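1. build me a structure from this.
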Amino acid sequence: MWVAMSCSVGEYWRRPRFEGSGIVARTIAIANQKGGVAKTTTAVALGAAIAETGARVLLVDLDPQASLSYSLGLDPDSLDVTIHDVLVGRVPIGKTIHQLAEADVVPSNIDLAGAEAYLLTRTGREYAVKTALEDVEVHYNYIIMDCPPSLGVLTINALTAANEVVIPLQCEALSHRGVGQLLETIEDVRRITNKHLQVRGIIATMYDPRTQHSRQILEDVGRRYSIEVMQPPVRKSIRFAEAPRAGKSILRYASTHPGAMAYREIARSLMHEQQRLG
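-> Here you go, the predicted model:
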């Protein structure tokens, strides 16, 4: 059973909360080409944690597997319009937004794999997501994009549209090895499509402080790549697997759980950095 409550997407522009604020959203890509490192968990939890403070948050599902959409209670197979329809030019992004209990969501489904193939044939394909978000960015404080586990055209689109990248990293050697490749891609994006893109930091996920291996990976990655490892690390817990089945973030499913508290602290760090920079 899917439990999300959302307004009709056709009502999007008539909702009072979307009166223009004059604010341009801070846009964050959650990226790592390795699967299973908690990208979706991180995107959902950070979005929910920031929204808890009263900020306006839009989550954008850029993965054809639609894990973010499912995790917040939407049924990807029953959606009429998704980010796929935006990227192939059928509808503006505002028509796809669902206003859910924890944040607003632009959902995805398996059709997005077709949009990826379509974009490969288009001029300026790297800018499709950036152009789409321009229609709504003044209505939000934060836009958080969940990237697919690849360095393909959808991830490049997210990096081109983003102000910052946050990299979830599972504390094990195979996950560690992929960070260098991602950073090379980020440098290419800086050089060609988005010279202002910044790497905000790494979030250590599925961390087990009892093992020397996890501790060593966590210590090594920040030193090796000169990237901030955001604190605290997010410890491994079965609650992270249970929350999506309930259609909730970890913050709403188990509000006082250490994992929920960790993501709240990381979200505060993200927001404090924006306030510091003005």
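2. which strand or helix spans residue 132?
-> helix 128-133 (DSSP states H and E).
3. hey, which helix or strand in this protein has the poorest pLDDT?
-> For the chain, using mean pLDDT, DSSP states H and E, the weakest element among its helices and strands is helix 212-225, scoring a mean of 82.
4. so which elements touch that helix?
-> Applying 3 or more C-beta pairs under 8 Å, 6 or more residues apart in numbering; DSSP states H and E, one finds that helix 212-225 makes contact with helix 173-192, strand 198-205, strand 229-230. Placement of C-beta: from N, CA and C, glycine included.
5. tell me what angle the longest one forms with helix 212-225.
-> In this case it means helix 173-192. Helix 173-192 runs at 20 degrees relative to helix 212-225, counting by axes from the mean of the first three to the mean of the last three C-alpha atoms, to 10 degrees.
6. could you name the helices and strands sitting against helix 173-192?
-> helix 153-161, strand 164-170, strand 198-205, helix 212-225.
7. hmm, who's touching the helix or strand harbouring residue 27?
-> Using DSSP H and E, residue 27 sits in strand 26-30. Identification of contacts with strand 26-30 by C-beta atoms under 8 Å, 6 or more residues apart in numbering yields 39, 42-43, 46, 133, 137, 141-147, 155, 158-159, 161-166, 168, 200, 270, 274.
8. before we move on, back to that, give me the contact list for the least confident helix or strand of the chain.
-> Contacts for helix 212-225 (C-beta under 8 Å, 6+ apart): 169, 171-173, 175-176, 179-180, 183, 202, 204, 207-209, 227-229, 233.
9. let's see it at 6 Å
-> Helix 212-225 is touched from outside by 171, 176, 204, 207, 208, 229, with contacts defined as C-beta atoms under 6 Å, 6 or more residues apart in numbering.
10. among the residues you listed, which has the minimum pLDDT value?
-> Ranked by pLDDT, those bottom out at residue 176, which scores 70.
11. mind checking how far the closest residue in space to residue 140 that isn't next to it in sequence is from residue 135?
-> Nearest non-adjacent residue to residue 140, counting by C-beta to C-beta, 6 or more residues apart in numbering: residue 25, 4.1 Å away. Residue 25 sits 12 Å away from residue 135, going by C-beta to C-beta, to the nearest Å.
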